[in-house]
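Chemist: sequence first, then the predicted structure:
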Amino acid sequence: MAPHPDLIAEQAYIDEAYACLDASRAAASRLTSMVEVGRGGTEQARFERDVIFDTVVNRLTQLQLGDAALCFGRIDREVVAGSAGNEGFTAFDGGAPRGLPGTGELAGMQVESFYIGRVAVSNSDQDPVIVDWRAPVAEPFYRATGRQPMGLARRRHFATRGRQLLGIEDELFGDTLASLGMAPSESAPVVAGQGALFSALETARTGRLGDIVATIQGEQDEIIRAPLPGVLVVQGGPGTGKTVVALHRAAYLLYTHRFPLEGQGVLVIGPNRLFLGYIEQVLPSLGEAGVELAVLADLVPDVSVRSYDAGATARVKGDPRMVRFLERALRDRERPLRSDLVVGYGLQRLTLRRERSIEIIRDARRRYRRHNAARRFVENEVFAELALSSRDEIAASEVRERLRRDPSVREALEWMWPILTPPQFLHDLFGARGLLRHAAEGVFSEQEWEALYRERSEALNEVSWTHDDAPVLDEARALLGPKPRRRRPGESADDEEIRTYGHIVVDEAQDLSPMQLRMLERRSLNGSMTIVGDIAQATGQWAHASWDEILDRLPARRPPHRAELTLGYRLPAPIMALAARVLRHTAPDLLPPRSVREDGAEPVISRATPGSLARAVAEITLIERAEVDPGQVAIICPPSIIDSICDALDDASIAYGRATRNGLEHRVTVVEVGLVKGLEVDAAIVVEPALMVAEQAQGDRALYVALTRATKRLAVVHEAPLPPSLLP
């Protein structure tokens, strides 16, 4: 096939753009010498230096592209007579910089051209060479269609490798087609820039999620550019790109609303740390390195989270009744004296009567919203009452100074109103059946509160906290407040408060428990959130049947917005057809995504002879690894047979990694089905579906997740009969 006639000219333009980028990078580096602060420099000079350094670091971060393409397309827009351009950009002569070819006309029409890229780049005269993909002028590159061309005459997609332009794909619109004697297509293409998109989809996976900035489709772009305020819920089936859409939305919002979001912060919450490792490169590749990525447990300070609870324990810890349970448990730690406190003071004895301690506790509860904040009040009242009981007139401050270390006084204060941290509070509570029983009265059944009991550890730092403990610890933190202490110079009370964010992105939100959703609401500064997931892939103890159940527990300062991604890009149609069997069984009200890739290898279903399951998996792994070389293969297993599968791979001398230890760094990875959500690989081997269904809380939904991870090939290996949901 003959090369595109504009290939040489466009390569020259891209070369010029990279030269401008290199010049911008050098200019940013030189900024560090703008302010010199020597010995005796002023505070103002040091402040200015720090501001410049921060600016330089941010700018250099944006300009470090690595192997990512700087420019991936161009739009030619018809110039309307009398118009003054758009968005403040100056149109080039045909989109080409001075000294490069460009006519400024297309099929007899005058056009203005804009090159769309990863970051904005200008030349030495500050004329735009590359437009940032998030700029308003770039919107038609993603959204224009044959029916709504948005003023475009032509859209051009570039296929590049590094700085080299390999190919060009053009799409013509409206009058341009007619002027060239071409008839419009009877049916619009399903996707824009098919060549570039399919090339990206066929590229071997690397173990890290890549950005889709060059191939964003119309329905995805509409979500990315949705308004900031309120809660946006995005329903998307497997392979629809909901994760990358959510991440690109975070980058877009930071670009469009730099003030105030840069100061308020943007938080991205993922389902597990394997997932965070998988997506961690996307935002930096888009020039946004300041976004915080976390699992919910990362938001709880001073604890080490190492595992997950199972069954009833996880269910109870996520229950909204836990709020009332913790409130009752905390009131059990705010207690009047069991008897009068009598303490020696010189030749006399001072007394705090039990009746007065009841009043002190009642007043402290009424005056203070958070437990620890009331401790100083309780102390003051206790010492004041002791001073009043003296025969002589004594100042309460004098009594405090002399008795604050007295063992009986300290014991009384700790009994009446102890200072508690969330780990201390829950460690004591979960380790005492008496405390659990009393707090659960009228809230949880005996079976439910018994699920919370666990033996106390010798030391608090030896406690093995779980991910399901995280929202309970967070609720306890909200009830307790920070410990009263003297603050260091420059430290404010805000340093001890729960951090809030200007926008929160939550992926795989369909599995979050009410307590986890409450934890997220607490961190939302103004109710601005992007919530993405797939109800059909809800596999946890709190799998929700609809988004309404989730929205009821999120900020409601504005009416929520809803969007749905309907096109599937990851899965070839044959794999999606097999997964749709399970979807019809587990979520009959939901439609599977429409796959844009009609061709693809048929899934292979192989039954192993009795006792040979692990060996059969090893044999198929060799086949699949060769078929997708140099791509990645995931062996997706129920937890109970992972060790036997790994032993078989070792016996067959197949190099592999375990997802919990190595992420997706190896070409072959063994991954537990509960951790595979959100990931994608070239080939997936799903092992023993019936056992998978039996072991998981939402078995068929977990199977659906496992079947929808592959971009090219799928194999199902089983020894037991297939579950009914997988049968034709």
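Modeler: Sure, I can see it. Numbering: from 1, shown residues only.

Chemist: quick check: phi and psi at the residue nearest to Leu352 when sequence neighbours are not counted.
Modeler: Setting aside the residues directly before and after it, Leu352 is nearest to Leu341 in space (Cβ to Cβ, 6 or more residues apart in numbering), at 4.2 Å. In this view, the C-beta of every residue, glycine as well, is placed from N, C-alpha and C. When read as degrees, to the nearest 10, the backbone of Leu341 gives phi -90, psi 120.

Chemist: how far away is Gly344 from Leu350?
Modeler: 8 Å (Cβ to Cβ, to the nearest Å).

Chemist: neighbour count for those two, which is higher?
Modeler: Between Gly344 and Leu350, counted using other Cβ atoms under 10 Å, Leu350 has the larger neighbour count: 22 against 11.

Chemist: helix, strand or coil for the more buried one?
Modeler: Per DSSP: H, G, I helix; E, B strand; the rest coil, the local secondary structure of Leu350 is strand.

Chemist: show me the contacts for it.
Modeler: 342-344, 386-387, 389-390, 399, 403 (Cβ atoms under 8 Å, 6 or more residues apart in numbering).

Chemist: please repeat the previous calculation with a cut-off of 7 Å.
Modeler: Residues near Leu350 by Cβ atoms under 7 Å, 6 or more residues apart in numbering: 343, 386, 389-390.

Chemist: please apply the same query to Ala246.
Modeler: Contact analysis of Ala246 by Cβ under 7 Å, 6+ apart lists 234, 505, 507, 530, 532.

Chemist: after the host helix or strand of it, which helix or strand is next?
Modeler: If you go by DSSP states H and E, Ala246 is part of helix 242-256. Heading C-terminal from helix 242-256, the first helix or strand you meet, by DSSP H and E, is helix 258-264.

Chemist: ok, so what distance separates Ser612 from Cys646?
Modeler: Distance from Ser612 to Cys646, by Cβ to Cβ: 16 Å.

Chemist: with neighbour numbers in mind, choose between the two.
Modeler: Shown here are Ser612 and Cys646; by other Cβ under 10 Å, Cys646 has more neighbours (18 against 13).

Chemist: return the member of the contacts of Leu350 nearest to Pro484.
Modeler: Distance ranking of the contacts of Leu350 against Pro484, using Cβ to Cβ, places Leu386 first at 20.4 Å.

Chemist: pretty sure that closest one is in a helix, no?
Modeler: Yes: counting by three-state DSSP, Leu386 falls inside a helix.

Chemist: Glu602: how many residues sit nearby?
Modeler: Neighbour number of Glu602 under other Cβ under 10 Å is 12.

Chemist: list the residues that contact it.
Modeler: For Glu602, the residues meeting the contact criterion (Cβ under 7 Å, 6+ apart) are Pro574.

Chemist: ok, Arg328 touching Ala439?
Modeler: Yes: with contact taken as Cβ atoms under 7 Å, Arg328 and Ala439 are classed as touching, separated by 4.4 Å.

Chemist: who has more neighbours out of the two?
Modeler: The residue with the greater number of neighbours, taking Arg328 and Ala439 and applying other Cβ under 10 Å, is Ala439; the counts read 23 against 16.

Chemist: just give the closest residue to the more buried one, not the sequence neighbours.
Modeler: Spatially, and ignoring its direct neighbours in sequence, Ala439 is nearest to Ala329 (3.7 Å; Cβ to Cβ, 6+ apart).

Chemist: I figured that neighbour hits Leu436, correct?
Modeler: No: distance between Ala329 and Leu436: 8.0 Å, which falls outside the contact criterion (Cβ under 7 Å).

Chemist: now the common contact residues for the two.
Modeler: Any residue near both Ala329 and Leu436 by Cβ under 7 Å, 6+ apart counts here, and that gives Leu429.

Chemist: give the residue from these two that has the larger number of neighbours.
Modeler: For Ala329 against Leu436, the residue with the higher neighbour count under other Cβ under 10 Å is Ala329, and the figures read 24 against 21.

Chemist: give the contact list for the more buried one.
Modeler: Contacts were defined as Cβ under 7 Å, 6+ apart; by that measure Ala329 touches 429, 435, 439.

Chemist: cool, and Asn372?
Modeler: Contact criterion Cβ under 7 Å, 6+ apart gives 419-420, 480-484 as the residues in contact with Asn372.

Chemist: filter those residues down to the buried ones, ChimeraX style.
Modeler: Of these, the buried ones go into a single ChimeraX selection, burial set by 16 or more other Cβ atoms under 10 Å:
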select :420,480,481
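
Chemist: quick one: which of the contacts of Asn372 is nearest Leu460?
Modeler: Distance ranking of these against Leu460, using Cβ to Cβ, places Leu420 first at 11.5 Å.

Chemist: quick check: the closest residue to that closest one other than its chain neighbours vs Asp298, distance?
Modeler: Counting by Cβ to Cβ, 6+ apart, Leu480 is the residue found nearest to Leu420 once chain neighbours are left out, at 5.5 Å. The spacing between Leu480 and Asp298, counted by Cβ to Cβ, is 20 Å.

Chemist: related to what we said a few turns ago, in strands only, show me the contacts of Ala246.
Modeler: Assigned to strands by DSSP state E, the following of the contacts of Ala246 qualify: 234, 505, 530, 532.

Chemist: please name the bridge partners of the last one.
Modeler: With beta bridges defined as DSSP bridges, Val532 has these partners: Val234.

Chemist: mind listing what it touches?
Modeler: By Cβ under 7 Å, 6+ apart, the contact set of Val532 is 234, 236, 242-243, 246, 507, 509.

Chemist: again, only this time at 6 Å
Modeler: The neighbours of Val532, taking Cβ atoms under 6 Å, 6 or more residues apart in numbering as the test, are 234, 242, 246, 507.

Chemist: helix or strand for Val131, which one?
Modeler: Mapping Val131 onto the secondary structure by DSSP H and E places it in strand 128-132.

Chemist: hmm, who's touching that strand?
Modeler: When contacts are defined by Cβ under 6 Å, 6+ apart, strand 128-132 is touched by residues 17, 20, 71, 89, 114-117, 119-123, 137-138.

Chemist: pLDDT weak spots in the stretch 1-150 of the chain?
Modeler: Under the criterion of pLDDT under 70, the regions of the stretch 1-150 of the chain flagged as low confidence span 1, 31-66, 80-108.

Chemist: I'd like the mean pLDDT over the helix holding Ala246, please.
Modeler: Mean per-residue pLDDT for helix 242-256: 96.

Chemist: and if you look at stretch 669-685?
Modeler: Here the mean pLDDT over stretch 669-685 is 95, rounded to a whole number.

Chemist: ends of that stretch, how far apart?
Modeler: Across its full length, stretch 669-685 reaches 10 Å between end residues, using Cα to Cα, to the nearest Å.

Chemist: run the chain-centre distance for it.
Modeler: Using Cα atoms, centre = their mean, to the nearest Å, the distance from the centre of stretch 669-685 to the centre of the chain it belongs to is 18 Å.

Chemist: do the same with stretch 553-564
Modeler: Its chain's C-alpha centre and that of stretch 553-564 lie 18 Å apart, by Cα atoms, centre = their mean.

Chemist: same thing with stretch 566-577?
Modeler: In terms of Cα atoms, centre = their mean, the centre of stretch 566-577 is found 24 Å from the chain centre.

Chemist: what bits of the protein have low per-residue confidence?
Modeler: Judged by pLDDT under 70, the stretches of the chain that qualify are 1, 31-66, 80-108, 175-190, 486-496.

Chemist: tell me the secondary structure for Thr313?
Modeler: Reducing the assignment at Thr313 to three states with three-state DSSP gives helix.

Chemist: return the distance of it relative to Val233.
Modeler: When distances are taken as Cβ to Cβ, Thr313 and Val233 turn out to be 29 Å apart.

Chemist: show me the contacts for the residue nearest to Cys71 when sequence neighbours are not counted.
Modeler: Counting by Cβ to Cβ, 6+ apart, Cys71 lies nearest to Gly117, which is 4.1 Å off, once chain neighbours are set aside. The neighbourhood of Gly117, defined by Cβ under 6 Å, 6+ apart, consists of 70-71, 130.
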